[in-house]
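Engineer: I need the structure of the sequence given here:
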Amino acid sequence: MADLNYLELNSMILGLIAICILFFISYRKIEFTKYVPGLICLIFVFIAEVFEYGEFKFIFNYLENVVILAGAILLFIAALKEYFELNQKRK
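Structural biologist: Residues are numbered from 1 along each chain as shown. Got it, this is the predicted structure:
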């Protein structure tokens, strides 16, 4: 069985959250452009994880950590924007 550390587990959880957000967006027919930067960051996480075992392990590991944080923040900001826009439309 492969050895799985907490960072890889977090990146998999973020990937699953991104997929759930994509289904939610498709179901509610919400404007998708707000969520694209966060989802692109999560794609870069998986790309960096693939190249992590090469010569530049430290650089890709650092890049993976930064992109996980950036993706999570961007998705959170997009969700907040969506929430506040829906509240303004209701009032």
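Engineer: use CA for all of it now, contacts and neighbours both
Structural biologist: Fine.
Engineer: now do the contacts for A18.
Structural biologist: L39, L42 (Cα atoms under 8 Å, 6 or more residues apart in numbering).
Engineer: do the same with K34
Structural biologist: So K34 contacts A78 (Cα under 8 Å, 6+ apart).
Engineer: following element in sequence after the worst-scoring helix or strand of the chain on mean pLDDT, please.
Structural biologist: Between all helices and strands in the chain, the lowest mean by mean pLDDT, DSSP states H and E belongs to helix 6-28, at a mean of 73. Scanning forward in sequence from helix 6-28 by DSSP states H and E, the next helix or strand is helix 36-50.
Engineer: quick one: buried residues of that following helix?
Structural biologist: Neighbour-count burial for helix 36-50 flags G38, L39, C41, L42, I43, F44, V45, F46, A48, E49 (criterion: 16 or more other Cα atoms under 10 Å).
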